[in-house]
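Peer 1: need a 3D model of the sequence below.
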Amino acid sequence: MKKIALAFVCLLASTLCLAADAPLLLRKPAISRTQIAFTYAGDLWVVSRDGGDAHRLTTGVGIETDPMFSPDGSLIAFTGEYDGNRDVYVVPATGGVPHRLTYHPGADEVLGWTPDGKSILFHSPRNSFIPFIDRLYTMPLSGHGFPNELGLPSGEEASFSPDGTQLAYVPHPQWEPGWKHYRGGQTTPGLWIWLPPATRAPFPATIPMTPTPCGWATRSTSSPTATAR
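Peer 2: Okay, the predicted model is just below:
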């Protein structure tokens, strides 16, 4: 009996060791100058860019995802699903009580910030005639007033250029983002550039669709160019 008990203890110890070394499913990373935010097990976590132990930022009963740092890195906007509906929330990057910004029954999902850090960019089907077609909105950080709808018929992913003069966006959702060597309808059109408010007619950039969100990078000439990241 003692041998069986000893064998069981050894097996349990080896299992725990293997579990400790197993990779974790960390998703939706966002980076500021000093921190990295990500989602794990339905909560938001942050860790220093220099490494170290991550600490949990949210512990509410519900799902938090899509973390996005404000331009100065002091706040994190995220999509929170607490009462069966997804809405836009914001929380200090150092921790605290999340503040709810949207209350519409449509699914509001965070995409980023305006360059001045005063509004949060998100997509939602709230005003769409087709349920799976989202449109782009900005919501003031103060939470006062209503969201501002951008002048685009649809938008799934989006990111403002650093100077706020351009918006890179993906107009349609991907129903199968795991494709390889696919060149069909999900890739045409791909990434578009919009110039608010100089024109309401977007023109296509020469960039094919990729299965990752769109973003911005800066060339050595300091001119913004749309890239995938």
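Peer 1: burial of Val47, as a residue count?
Peer 2: Counted with other CB atoms under 10 Å, the neighbours of Val47 add up to 15. (Each C-beta comes from the backbone N, C-alpha and C, glycine too.)
Peer 1: which stretches of this protein aren't confidently modelled?
Peer 2: Scanning the chain for pLDDT under 70 picks out 1-23, 176-179, 185-189, 197-229.
Peer 1: report the central residue of it.
Peer 2: By CA atoms, centre = their mean, the chain has its centre lying nearest to Asp66, at 3.3 Å.
Peer 1: contacting residues around that one?
Peer 2: Counting by CB atoms under 8 Å, 6 or more residues apart in numbering, Asp66 makes contact with 28, 39, 77-79, 109-111.
Peer 1: one more: Tyr40?
Peer 2: Tyr40 touches 24-27, counting by CB under 8 Å, 6+ apart.
Peer 1: coming back round to it: and the residue nearest to the centre of the chain, what helix or strand is that in?
Peer 2: Using DSSP states H and E, Asp66 sits in strand 63-69.
Peer 1: which secondary structure elements does the helix or strand following that strand contact?
Peer 2: Per DSSP H and E, the first helix or strand lying C-terminal to strand 63-69 is strand 75-81. Packing partners of strand 75-81 (3 or more CB pairs under 8 Å, 6 or more residues apart in numbering; DSSP states H and E): strand 43-48, strand 63-69, strand 86-92, strand 109-113.
Peer 1: show me where this protein has its helices.
Peer 2: Assigned by DSSP state H, the helices in the chain fall at 2-21.
Peer 1: would you agree Gly112 is in contact with Leu121?
Peer 2: Yes - if you go by CB atoms under 8 Å, Gly112 and Leu121 touch, sitting 4.6 Å apart.
Peer 1: anything in contact with each of these two?
Peer 2: With CB under 8 Å, 6+ apart as the test, Gly112 and Leu121 both reach 158-160.
Peer 1: now, these that are in strands?
Peer 2: Among the shared contacts of Gly112 and Leu121, DSSP state E puts 158-160 in strands.
Peer 1: now the contacts of Asp66 as CSV including neighbour count and distance to Thr59?
Peer 2: Output for the contacts of Asp66, formatted as CSV (neighbours: other CB atoms under 10 Å; distance: CB to CB, whole Å):
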residue, neighbour count, distance to Thr59
Lys28, 18, 17
Thr39, 23, 13
Ala77, 28, 18
Phe78, 25, 13
Thr79, 23, 16
Glu109, 19, 21
Val110, 28, 19
Leu111, 26, 25
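Peer 1: which of the residues you listed sit farthest apart?
Peer 2: The most widely separated members of the contacts of Asp66, counting by CB to CB, are Thr39 and Leu111 (15.2 Å).
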